[in-house]
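**Student:** what follows is a predicted protein model with its sequence.
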Amino acid sequence: MATTEQFSQAANRWDLETLYADLASAKGKRLTPVEKLHLRGLLCGYSPSEIAEKLGKNPKGVETDLCATVYRYVKNLVDKCSEKIENWRNITEWLDESGYQNQSPAKLPASELLPENSVINVTNISIENNQIVFLINLRIPKSQASEASIQNLDLCEDILKDSIFKGSNGS
């Protein structure tokens with residue numbers, strides 16, 4: 001029986017929900033759990049034989065299934081109906097070219113650009129005036145250097161207050 005836990009690591013690199021919806025459109029109805037499972041296996045980089053092995057299925061059966069379902073839907077979705085699938089990897093290449101990957105592995109996640117212990121939370125996503133609006137809560141811990149400069153600011157304020165006070169007393 002197919003479960004959503006199998007090949008779940010595909011969700012780390014691929015926009016599965018959008019892909020499922022777009023493939024359902026290409027198919028004309030929702031993808032079955034088995035179709036989703038086989039697709040996730042491909043997106044994880046497994047060959048049809050490896051998918052079959054991990055699922056305890058017949059490799060020829062999985063290959064036949066993929067040819068009759070997922071391969072057809074993807075070809076239709078990415079407008080490659082006239083092209084021959086030379087290798088199962090064509091599917092992931094075509095989907096990548098069509099923008100279904102979440103992010104390129106060469107790009108750095110935002111967390112690697114921020115200081116340690118920083119926290120990023122997306123608090124809301126909405127569409128306003130034909131724009132996607134993200135509300136983000138970003139917490140960056142202050143460093144020792146910024147604490148020192150804040151303390152220096154406090155000292156400067158004290159000095160200013162003293163000089164103003166002395167100046168107004170005529171001293």
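**Tutor:** Yep, it's here.

**Student:** quick one: contacts for the residue nearest in space to the middle of the chain?
**Tutor:** Among the residues of the chain, the one closest to the centroid is residue 102, at 4.1 Å (Cα atoms, centre = their mean). Residue 102 sits next to 12-15 when contact means Cβ atoms under 8 Å, 6 or more residues apart in numbering. In this view, the C-beta of every residue, glycine as well, is placed from N, C-alpha and C.

**Student:** most neighbours, which of those residues?
**Tutor:** residue 14 (20 neighbours; other Cβ atoms under 10 Å).

**Student:** look up how far residue 90 lies from that one.
**Tutor:** 16 Å (Cβ to Cβ, to the nearest Å).

**Student:** before we move on, back to that, including pLDDT, could the contacts of residue 102 go into CSV?
**Tutor:** Below are those laid out as CSV (pLDDT from 0 to 100):
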residue, pLDDT
12, 90
13, 91
14, 94
15, 93
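
**Student:** and which of the residues you listed is nearest residue 84?
**Tutor:** Nearest to residue 84 out of these is residue 14 (Cβ to Cβ; 23.7 Å).

**Student:** so that closest one makes contact with residue 43?
**Tutor:** Yes. Using Cβ atoms under 8 Å, residue 14 is in contact with residue 43, at 5.0 Å.

**Student:** so what sits against both of the two?
**Tutor:** residue 95.

**Student:** mind checking the SS state of residue 134?
**Tutor:** strand (DSSP: H, G, I helix; E, B strand; the rest coil).

**Student:** what are the bridge partners for it, then?
**Tutor:** residue 125 (DSSP bridges).

**Student:** count of residues packed around it?
**Tutor:** 9.

**Student:** tell me the pLDDT at the residue nearest to the centre of the chain?
**Tutor:** Looking at residue 102, its pLDDT is 85.

**Student:** just residue 17 next, same as before
**Tutor:** Reported pLDDT for residue 17: 93.

**Student:** now residue 94
**Tutor:** At residue 94, pLDDT is 95.
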